[in-house]
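Asks: for reference, the sequence and a predicted model appear below.
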Amino acid sequence: MTVTDNEPRSVLVTGGNRGIGRAIAGAFLAQGDRVAVTSRSGGGPEGSLDLVCDITDAAAVDEAFSRIEEEHGPVEVLVANAGVTADTLLLRMSEEDWSRVIDTNLTGSFRLAKRASKGMLRLRRGRIVFISSVVGLLGSAGQVNYAASKAGLVGMARSLTRELGSRSITANVVAPGFVDTDMTAVLTDEQKDTIKQQVPLQRYGTPEEIAAAVLWLTGEHGGYVTGAVIPVDGGLGMGH
């Protein structure tokens, strides 16, 4: 698959209204791609096709793809970023806490990949990127559901690599560490300092640094990378 600045692509970023997703969508817009953004509440960056979509609803996912195909053409780059948390210790975790996180983070990504791959197979090219987490590799107390959902994305990407690779479709995982977003802004200074001490680079990442990794994987120079897990975590999860 050849990618040049003169060939804008149809890109979908889920959860693209804030944080990491918004930075990713903005990076694709900046290089001239046709970008669609989905979220539960709307509010994608200016210039994007802003769609309200709950990825736990298969019919809503199909409707969103139909709209994107009508406006931008078949999705050539899928970035499955939307995710939720419901943190609590295992013995306190309810069935609903487990199911909601798995259905959004893991099953939602399955729905997106399945729908996107239909168009990609016809085009005989495509890029799929799942946004996982260092937690999916290291584990985290109080996040059994979240860690399981993010670890599952690795197996999904590698299985898709074997299924779709012969059609020039790549499937990769980006695993961010602690990133400076609204989610981490609520932590106390003491909590932030404790986290930084665990990170070899002694700082949080930025959403833009995650976006840069996604752009590289989906760009011209990432064409021979597939089934990979790219950590963008300041060294926190190295070796995993």
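Replies: In hand now; what should we look at? Residues are numbered from 1 along each chain as shown.

Asks: partners of the lengthiest strand in the chain in the sheet?
Replies: The strand spanning the most residues in the chain, taking DSSP state E as the definition, is strand 169-176. With DSSP bridges as the test, strand 169-176 is paired with strand 126-131 (parallel), strand 229-232 (parallel).

Asks: can I get that strand as PDB, trimmed to CA atoms?
Replies: Output for strand 169-176, consisting of C-alpha atoms alone and laid out as PDB, is shown next (Å, rounded to 0.1, in the frame of the first residue of the first chain):
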ATOM      1  CA  ILE A 169      -4.200  -5.000   5.400                       C
ATOM      2  CA  THR A 170      -2.100  -4.400   8.600                       C
ATOM      3  CA  ALA A 171      -3.300  -4.700  12.200                       C
ATOM      4  CA  ASN A 172      -1.300  -3.300  15.000                       C
ATOM      5  CA  VAL A 173      -1.600  -2.200  18.600                       C
ATOM      6  CA  VAL A 174      -0.400   1.000  20.300                       C
ATOM      7  CA  ALA A 175       0.000   0.700  24.000                       C
ATOM      8  CA  PRO A 176       0.200   4.100  25.800                       C
END
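
Asks: strands along the protein, start to end?
Replies: Taking DSSP E as the criterion, the chain carries its strands at 10-14, 34-39, 49-52, 77-80, 126-131, 169-176, 229-232.

Asks: can you add mean pLDDT, mean neighbour count and distance to Ala116 and give those strands back as a markdown table?
Replies: Bear in mind the C-beta positions are built from the backbone N, C-alpha and C, glycine included. What follows is these, written out as a markdown table (pLDDT from 0 to 100; neighbours: other C-beta atoms under 10 Å; distance: least, C-beta to C-beta, whole Å):
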| stretch | mean pLDDT | mean neighbour count | distance to Ala116 |
| --- | --- | --- | --- |
| strand 10-14 | 98 | 28 | 7 |
| strand 34-39 | 98 | 27 | 11 |
| strand 49-52 | 97 | 18 | 14 |
| strand 77-80 | 98 | 28 | 4 |
| strand 126-131 | 98 | 27 | 7 |
| strand 169-176 | 98 | 26 | 9 |
| strand 229-232 | 97 | 20 | 20 |
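
Asks: closest one to Asp182 among the ones you listed?
Replies: Distance to Asp182, taken as C-beta to C-beta, is lowest for strand 34-39 among the strands of the chain, at 13.3 Å.

Asks: just how off-centre is that closest one within its chain?
Replies: In terms of C-alpha atoms, centre = their mean, to the nearest Å, the gap separating the centre of strand 34-39 from the centre of its chain is 13 Å.

Asks: count the neighbours of Gly234 for me.
Replies: For Gly234, the number of neighbouring residues by other C-beta atoms under 10 Å comes to 22.

Asks: any idea how far Arg167 is from the nearest residue to it once chain neighbours are set aside?
Replies: For Gly234, ignoring the flanking residues on the chain, the nearest one in space by C-beta to C-beta, 6 or more residues apart in numbering is Leu201 at 3.7 Å. In this structure, Leu201 and Arg167 are separated by 38 Å, where distance is defined by C-beta to C-beta, to the nearest Å.

Asks: what ranges do the helices span in the protein?
Replies: According to DSSP state H, the chain carries its helices in the segments 19-30, 58-72, 95-102, 108-123, 135-138, 144-164, 182-185, 189-198, 207-218.

Asks: the inter-axis angle of the fourth one versus helix 58-72?
Replies: Here helix 108-123 runs at an angle of 40 degrees relative to helix 58-72 (axes from the mean of the first three to the mean of the last three C-alpha atoms, to 10 degrees).

Asks: what residues does helix 108-123 touch?
Replies: Defining contact as C-beta atoms under 8 Å, 6 or more residues apart in numbering, one finds that helix 108-123 is touched by 12, 14, 55-56, 58, 61-62, 65, 69, 74-76, 78, 80, 82, 126, 128, 130, 153, 156, 160, 164, 167, 169, 171.
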